[in-house]
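Trainee: Could you work out the structure for the sequence below:
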Amino acid sequence: MRNTLGYMGLIPFIILPVAVLMLDDMSRGMAMYGYFAYSAGIAIFMAGALWGRVIDRVEPHNAVLVMSNLITLFVIALSTVSFHNFTVLTLGLILAHGFNYLFEPRKDNADYIKLRTILTSVVIASHLLMGALLYIK
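Mentor: Numbers count the residues shown, from 1 in each chain. Okay, the predicted model is just below:
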């Protein structure tokens, strides 16, 4: 189930950039806002997942706990301050997703780490594509 839900979570990261290419200006803008809102939500969700993965350990990794909070605060601030600057949003969300991945505990299940590597790679590639689309269209 974990893999299925993980891959299903990629659907908006794939469909919305395609929609940006195909839609008229008004709908294109809505697709872009939807994309960045979804990305911000996923970044915050994954930061919370980091917290949940280490909080109940006998010796929780303090750096992971602090980073999960910082990522959440960063994404909220980014979404508030840079809401209309898609370039800044793109770069900031790439950082947020990257830090979520970097602070993922590595001692866990190798299959999960492989899944996270694939999912994070697709998400970052999608952001790079969306960033390029901002300048093409």
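
Trainee: now the helices for the protein?
Mentor: Ranges of helices in the chain, per DSSP state H, are 2-8, 11-22, 25-54, 62-81, 86-102, 110-136.

Trainee: Now do the buried residues in the first one.
Mentor: Spelled out, it's helix 2-8. For helix 2-8, burial by neighbour count (16 or more other C-beta atoms under 10 Å) applies to no residue. Yep, even glycine has a C-beta here, placed from its N, CA and C like the rest.

Trainee: Next: the last one.
Mentor: Judged by neighbour count (16+ other C-beta under 10 Å), helix 110-136 contains these buried residues: 116, 119-120, 123-124, 126-127, 129-131, 133.

Trainee: pLDDT on it, on average?
Mentor: Average pLDDT, helix 110-136: 92.

Trainee: So which other helices or strands are in contact with that helix?
Mentor: helix 2-8, helix 11-22, helix 25-54, helix 86-102 (3 or more C-beta pairs under 8 Å, 6 or more residues apart in numbering; DSSP states H and E).

Trainee: Report the angle between the last one and helix 25-54.
Mentor: Going back to what we said before, that points to helix 86-102. Angle, helix 86-102 to helix 25-54, by axes from the mean of the first three to the mean of the last three C-alpha atoms, to 10 degrees: 20 degrees.

Trainee: residues touching residue 55, list them.
Mentor: Residues in contact with residue 55 (C-beta atoms under 8 Å, 6 or more residues apart in numbering) are residue 65.

Trainee: most packed of the helices and strands packed on helix 110-136?
Mentor: Mean neighbour count (mean count of other C-beta atoms under 10 Å) peaks for helix 86-102 among the helices and strands packed on helix 110-136, with a mean of 19.

Trainee: So which of the helices and strands packed on helix 110-136 is nearest residue 76?
Mentor: helix 25-54 (7.4 Å; C-beta to C-beta).

Trainee: and the angle from that closest one to helix 110-136?
Mentor: Using the same axes, to 10 degrees: helix 25-54 against helix 110-136 is 160 degrees.

Trainee: How far does helix 25-54 sit from its chain's centre?
Mentor: Taking the mean of its C-alpha atoms, helix 25-54 sits 6 Å from the chain's own mean (C-alpha atoms, centre = their mean, to the nearest Å).
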